[in-house]
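S.K.: Provide a 3D model corresponding to the input given below.
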Amino acid sequence: MKKIKIPLQTAPLIHCITNAISVETVANALLYIGAKPIMTEDTRAFDDLIRQTNALLLNLGSLSLTKEQSILAASEVADGKEPILLDVVGIASAKSAMKIAKVVMEKKPTIIRGNISEMRALCGLATNGRGVDGNPLDQTDDELARLIVALKQLP
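M.R.: Reported below is the predicted structural model:
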């Protein structure tokens, strides 16, 4: 893969609220493609950040009450002002993550990311996923066809 050089002054600044497991990977991936990550969950900074950032990445993994507040506050500030990417990690197994996903979904995120089992859970379909892992039983041709129909019906 050829790395694209983007001038520093035009490199997109991405506000990321992610989990401790993926924070370094996400930051390095954004840097690799020429973007600039800013990783903060401090709600006091969000009004200032929205004037500078080009997108918001929200990852529902490793939730806490503080992180929940940060995710909801950031999605509120970004609503209609910049693209939102929602990573629905863990919603197949945690009601708290599903609750937050539903609230963020009201903001009409630009991109929703998840494995097959997580996407099935988001659509209200039965899932065999455990924890943050997808399950091969959710990936049969019939189950994938059901998922496609359900995804098209998401608001």
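
S.K.: As a check, name the ranges of all strands in this structure.
M.R.: For the chain, the strands defined by DSSP state E occupy 13-17, 36-39, 55-59, 84-87, 111-113.

S.K.: Now tabulate these in a markdown table and tack on mean pLDDT.
M.R.: A markdown table is the format used below for the strands of the chain (pLDDT from 0 to 100):
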| stretch | mean pLDDT |
| --- | --- |
| strand 13-17 | 97 |
| strand 36-39 | 96 |
| strand 55-59 | 98 |
| strand 84-87 | 98 |
| strand 111-113 | 96 |
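
S.K.: out of those strands, deepest packed?
M.R.: Of the strands of the chain, the one with the most neighbours on average (mean count of other Cβ atoms under 10 Å) is strand 55-59, at a mean of 24. Any C-beta I mention is one placed from the backbone N, CA and C, and that applies to glycine too.

S.K.: what pairs with that strand, and is each one parallel or antiparallel?
M.R.: strand 13-17 (parallel), strand 84-87 (parallel) (DSSP bridges).

S.K.: so how far is it from its chain's centroid?
M.R.: For strand 55-59, the separation from the chain centroid amounts to 5 Å (computed by Cα atoms, centre = their mean, to the nearest Å).

S.K.: Same question for stretch 138-152.
M.R.: On Cα atoms, centre = their mean, the centre of stretch 138-152 falls 21 Å from the chain's centre.

S.K.: Other residues contacting that stretch?
M.R.: Residues from elsewhere that reach stretch 138-152 (Cβ atoms under 8 Å, 6 or more residues apart in numbering): Ile116, Ser117, Met119, Arg120, Cys123, Gly124, Leu125, Thr127, Asn128, Gly129, Leu137.

S.K.: Noted, bye for now.
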